[in-house]
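Chemist: take a look and give me a structure for this.
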Amino acid sequence: MAKVLITGATGFVGSHAAELFRDEGFEVIALVRNQSRVKALPVGVKPLVGSLFEPEKYAETLAEIDYLVHIAGLTKARHKEDFYRVNAEGTKSLLEGALRYCGENFVRFFYLGSQAGTRPSREPIDETVPPAPLTDYGISKMLGEKYARQYMDRLPVSVVRAPAVYGPRDKDIYFYFRLAAKGFLPLVGNPDRRVSLIYVKDLARAIFLATTHPAAVGEIFFATDGKPHTWREVADEIDRAIPGRKIRVRLPGWIMWVAAFFDVTTSFVLRKAPLLYFKRVRELLGEWVADSSKIEEKLGFAPQYDLARGVSETAEWYRQHGWI
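Modeler: Numbering: from 1, shown residues only. A predicted model of the protein is given here:
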């Protein structure tokens, strides 16, 4: 039985990826920061307590695995330096650990990148377009990808860049579903700005293919659901998925700048990471469209969830688990 070590398996995307590898017959080991995170792992996944920065402490496990799937990352931080420490330097440390300790039969190191590390665009961009990220998170994810590319001549590395991801267990886009369940459907900024999206189970499949497919070695891929969407379309699908009358409200983009000011101020006082900050607002009000034809043609990736199906299943999961 092939062994895979996954980072971030207690998180949103990582938990779905861990379940898919498990269901495909892999022995799945999850690197977790501490013992308290073990209970958040999917059923059948074995915990390994350790740090991205100390791979020598689990060198024996690294010597036994066939695949290393690096999904863990920091999406919110009180200090911008934390983004770079975890998303960039943490990735470099894990790459070096794989190079030093993984056995001669090691098959693949996978890195999950982010569209936030590339650049905004209304028209689809492919993997060759030079990056120009807007946030420290985006820059740190692109630096992590840069490190992954630097190791491609010494390790079998592959990368997938994820756009905005939604689905069961998500706690970010969930906020919009929750508002809709309360009868409020806001549209902030230009409702016709375009974005690429992917349902989490489709992203898990893209991760699986990029980790196991021989043609993925040394390659970088965008993975999306295959077509751009406007935020108006997203609101329409959420409206259909959640029963009841809703008040639709158009809000100007500057509302987000005001919200960011209060969030940053409150978070500073409470000593927690803000959900909104000024660079993040620029990112959210932009257009982010990517072309995923490369992963479709090279690896045979075929998304199974269009926006309507994905939103419907997400809303149903939230209902079943008492989130809405």
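
Chemist: now stretch 127-145: average pLDDT?
Modeler: Along stretch 127-145, the predicted local confidence has a mean pLDDT of 96.

Chemist: repeat that for stretch 103-117.
Modeler: When the per-residue pLDDT values of stretch 103-117 are averaged, the result is 96.

Chemist: same thing with stretch 164-182?
Modeler: Averaging the model's pLDDT scores along stretch 164-182 yields 94.

Chemist: send the alpha carbons of that stretch over as CSV?
Modeler: Listed in CSV are the C-alpha atoms of stretch 164-182, where the atom choice follows Å, rounded to 0.1, in the frame of the first residue of the first chain:
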residue,chain,number,x,y,z
ALA,A,164,-11.3,30.6,-4.6
VAL,A,165,-12.4,27.3,-3.1
TYR,A,166,-15.8,26.6,-1.6
GLY,A,167,-17.7,23.5,-0.3
PRO,A,168,-18.4,21.6,2.9
ARG,A,169,-16.4,22.7,6.0
ASP,A,170,-15.5,26.0,4.4
LYS,A,171,-15.6,28.9,7.0
ASP,A,172,-14.9,31.8,4.7
ILE,A,173,-17.5,31.8,1.9
TYR,A,174,-19.8,30.3,4.5
PHE,A,175,-20.4,33.8,5.8
TYR,A,176,-22.3,34.6,2.6
PHE,A,177,-24.5,31.4,3.0
ARG,A,178,-25.3,32.4,6.5
LEU,A,179,-26.4,35.9,5.5
ALA,A,180,-28.6,34.3,2.8
ALA,A,181,-30.2,32.0,5.4
LYS,A,182,-31.1,35.0,7.4
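
Chemist: tell me which residues in it are buried?
Modeler: By neighbour count, with 16 or more other C-beta atoms under 10 Å as the criterion, the buried positions of stretch 164-182 are 164-170, 173-174, 176-177, 179-181. To be clear about C-beta, it is placed using only N, CA and C from the backbone, and glycine gets the same treatment.

Chemist: got the contact list for that stretch?
Modeler: 12-13, 15-16, 115, 185-186, 195-201, 203, 234, 238-239, 242, 244, 246, 288, 310-311, 313-315, 317-318, 323-324 (C-beta atoms under 8 Å, 6 or more residues apart in numbering).

Chemist: for the chain, what are the low-confidence residue spans?
Modeler: Scanning the chain with the threshold set as pLDDT under 70 gives 257, 260, 262, 268, 275-278.

Chemist: and if we set it to 80?
Modeler: Low-confidence segments of the chain, defined by pLDDT under 80, are located at 35-37, 40, 252-282, 284-285.

Chemist: the helices in it, which residues?
Modeler: Counting by DSSP state H, the chain has these helices, from start to end: 12-23, 59-64, 80-83, 90-101, 136-150, 174-181, 200-212, 231-241, 254-270, 278-284, 293-299, 307-320.

Chemist: nearest to G73, out of the ones you listed?
Modeler: Closest to G73 of the helices of the chain, according to C-beta to C-beta: helix 136-150, at 6.8 Å.
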